[in-house]
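>>> Sharing a model that was predicted from the sequence below.
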Amino acid sequence: MIGFFQSAKNERSSKRLAFLVGVIILFILIVFAFIFGIKEPVNIYNNCSLPKNYDCSILQGWRSNEEQEELFKAGRSKLRAKQSKHNYHPSFAVDVAPYPVDWENKERFYHFAGYVKGVADTIGIKIRWGGDWNNNNSFDDQTFDDLPHFELINKGF
Ligand SMILES: [Zn+2]
């Protein structure tokens with residue numbers, strides 16, 4: 001009988017020990033989560049309900065004056081050297097396309113631009129898109145489409 005009570009007592013103390021170890025492990029995990037949670041870079045998208053991923057390819061950010069002049073001469077840009085927001089370093093413009101890049105599928109560029117503009121609006125950054133230069137949400141008045149182009153308004157030129 002005494003043996004029975006002793007083994008029951010041992011069982012209880014081993015359960016207490018297991019519980020105590022569990023509490024300690026949980027406490028350590030909470031401390032780690034707290035520390036790494038604070039150290040994690042602030043994600044500006046955390047506060048909005050937009051999807052966090054849209055696979056895309058960055059085609060170009062900064063562009064040299066020589067490259068700008070070549071694009072102008074080739075008719076692929078309306079701007080000469082030192083006139084484009086791509087010519088700032090760091091650049092105030094970026095050319096980016098939904099991935100995989102398919103130049104024939106213009107609908108994807110429009111869809112992607114809507115996503116980018118929605119995110120920019122949500123976080124309060126004014127941008128201009130090359131598919132709607134005057135930002136009037138109409139494509140009928142476009143004279144020159146540059147669908148992968150996005151630039152910061154109120155920066156640079
Ligand atoms: Zn561009």
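Ah, there it is. Residues are numbered from 1 along each chain as shown.
>>> which residues in the chain form helices?
With DSSP state H, the ranges of helices along the chain come out as 2-39, 65-73, 106-123.
>>> Confidence-wise, which of the ones you listed is weakest overall?
With a mean of 62, helix 2-39 has the lowest mean pLDDT of those.
>>> Tell me which residues touch residue 130, please.
Going by CB atoms under 8 Å, 6 or more residues apart in numbering, residue 130 touches 145, 146, 147, 148, 149, 150. (Each C-beta comes from the backbone N, C-alpha and C, glycine too.)
>>> out of the residues you listed, which one sits closest to the ion?
residue 149 (3.4 Å; CB to the ion).
>>> Run a quick neighbour tally on the closest one.
22 (other CB atoms under 10 Å).
>>> Nearest residue to it in space, ignoring adjacent ones along the chain?
Among residues not flanking residue 149 along the chain, residue 130 sits closest, at 3.2 Å (CB to CB, 6 or more residues apart in numbering).
>>> how close does the one you found get to residue 142?
As for residue 130, its distance to residue 142 is 9 Å (criterion: CB to CB, to the nearest Å).
>>> check contacts around residue 91.
61, 62, 63, 85.
>>> Since that was my last question, I'll sign off now.
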